[in-house]
Structures are given as C-alpha cells and as structure tokens.
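1. predicted model follows, preceded by the sequence.
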Amino acid sequence: RASWMPDGKSLSFVSVGDLDKNPFDVIVRRAAAEGSEKASPLQRHSFGLWETEVSRDGQWLVVRADEVGDNSYAIRARRLATDSALRPVIVPKTKTTVLNMALSPDGKWLAYTSNETGTVELYVTSFPDAQAKSIVSRGGGIEPRWSRDGRELFFVSGGSLNVVSVPAGPTFNPGNPRALFSVAGYRRARNRPQYDVSPDGQRFVMIRDRANAGGRGVVYVENWFTELLTKVKR
C-alpha cells in the first residue's frame with residue numbers, strides 16, 4: 001500500500017514487522033522508487049497500520065490504524081521533523097469504522113470514510129485539528145482521491161466514479177456530487193483506493209477485472225489420490 005513522497009522519487013509504504021513477536025507490529029518505511037536505497041523506517045505502531053501518506057510539503061506523516069479496544073479504528077499523524085509520537089486526528093469514541101483517508105494537496109483538509117451514520121459516507125475534516133467536518137457523499141462513498149490542484153475531490157458511489165468541486169477559500173464548501181462514469185468491471189476495495197488520478201486531472205488509472213474471471217467455479221474432488229493411483233497404473 002504505497003504512496004508517493006513529495007519529491008516524486010521515493011515511496012512510503014506499509015511493511016509487516018516481526019509477527020512472531022507482535023502480530024500487530026507494522027512499520028511504515030521509506031524507499032527510493034528505483035530501488036537504489038534500502039528502505040528505512042518512518043514510523044512503528046503497536047497496532048496495524050494499513051494506509052500511509054506524507055503531506056505535499058513533507059511535514060506530516062498520516063496513517064490509518066486498526067486499533068484494538070473501544071476505539072477500533074483511528075487516523076493519526078505526526079510532524080516528521082519535530083514530533084516523536086503520533087497524535088490523534090480521527091479517533092472515534094465508539095466502534096466506528098474508518099476505512100479510507102486522503103490528505104488534500106495543500107494539507108488543510110483530510111478526506112476519510114466512516115459509517116458513523118450507519119452508512120459508509122465520505123467526510124472531509126480540517127487537518128490536523130479535525131474541528132470542521134462536512135459530509136460529501138449522499139447515499140454512500142468510498143475511495144477518495146484529490147486532484148493535483150485540490151480543486152476536485154473524486155470518490156466512488158453507486159457504481160460510479162463521482163466528483164465534487166472544491167472552491168478555494170478558508171472553509172470547505174464543496175459543490176454537489178456528480179457522476180463521471182461507471183466503474184463496473186474495475187477493482188473496488190472499501191478500505192483503500194483502487195485507482196489514481198493523473199496530474200492534469202483528466203485521466204484515471206484503474207485495475208480492470210479479468211473477463212469471465214467471476215464465472216470460474218471451484219472443483220471439489222474426493223478420494224483424488226486413489227483416482228490418481230488408478231490412472232498411473234494404466
């Protein structure tokens with residue numbers, strides 16, 4: 001689950017730690033994209049880290065963790081240069097599912113999904129204080145992605161890729177969602193985006209499902225070894 005670092009030459013990604021010592025120990029690492037350098041740790045957490053992102057200015061590391069306890073899901077962050085520990089951003093007081101996150105290019109807004117109303121919807125909150133919050137989707141929303149200039153926010157809802165316009169300004173005041181095209185036949189995942197947006201915001205990279213892959217069944221054979229021996233004897 002990699003994401004590009006601001007320099008465009010390296011990646012941050014989630015790496016499973018020593019499962020024999022701690023099954024929840026997951027590390028965020030940084031590595032050069034061309035593989036010329038050994039990956040170096042950025043953050044270790046006592047619970048599973050499943051998404052990671054570094055802000056465009058390189059100051060903030062944001063992670064999504066599945067934490068055991070009353071607060072089962074959380075988004076946390078820290079300043080890479082000055083903070084020694086992660087600070088809470090979205091830590092629900094109940095067992096609310098938080099499954100996606102996407103930091104705006106200017107680092108002022110954090111998009112995330114939550115089922116706090118009973119339906120998984122897309123929200124945007126101010127970053128890093130999480131004081132101002134707006135609901136973006138209507139009737140479900142997953143897989144948020146920002147355009148490079150931050151003036152559009154994309155997400156999947158109702159089988160379509162949708163977009164809302166985001167006017168510039170000190171407050172988050174999005175337009176109404178509108179569908180762009182169907183995503184039928186392309187991979188979906190409720191807990192992380194399965195597509196990306198080109199720098200000009202005009203193209204999308206997606207994973208197409210293989211044709212007829214869903215039509216293949218599972219064959220269950222009993223006593224297969226006996227049958228094998230019979231055929232070998234022939």
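-> In hand now; what should we look at? Residues are numbered from 1 along each chain as shown.

2. from here on, contacts and neighbour counts on C-alpha atoms
-> Fine.

3. and Glu227, which of the three is it?
-> Following DSSP: H, G, I helix; E, B strand; the rest coil, Glu227 is assigned to helix.

4. got any ranges where this structure has weak pLDDT?
-> Applying pLDDT under 70 to the chain flags the ranges 17-28, 68-72, 211-216, 234.

5. middle-most residue in it, spatially?
-> Taking Cα atoms, centre = their mean, the centroid of the chain lies closest to Arg192, which sits 3.2 Å from it.

6. tell me if I'm right that that one and Phe155 touch.
-> No: if you go by Cα atoms under 8 Å, Arg192 and Phe155 don't touch, sitting 11.1 Å apart.

7. any common contacting residues for the two?
-> In terms of Cα atoms under 8 Å, 6 or more residues apart in numbering, Arg192 and Phe155 are both contacted by the residues Glu143.

8. hang on, the earlier thing: grab the nearest non-local neighbour of the residue nearest to the centre of the chain.
-> Once flanking residues are discounted, Arg192 sits nearest to Asn100: 5.5 Å by Cα to Cα, 6 or more residues apart in numbering.

9. touching, Tyr112 and Pro144? I think so.
-> Yes: in terms of Cα under 8 Å, Tyr112 counts as a neighbour of Pro144; the distance is 7.1 Å.

10. and for those two, which residues touch both?
-> Common neighbours of Tyr112 and Pro144 (Cα under 8 Å, 6+ apart) are 100-102, 122.

11. ok, which pair from the residues you listed is furthest apart?
-> Ala102 and Leu122 (10.7 Å; Cα to Cα).

12. for these two, indicate the residue with more neighbours.
-> Applying other Cα atoms under 10 Å to Ala102 and Leu122 shows that Leu122 carries more neighbours, namely 27 against 24.
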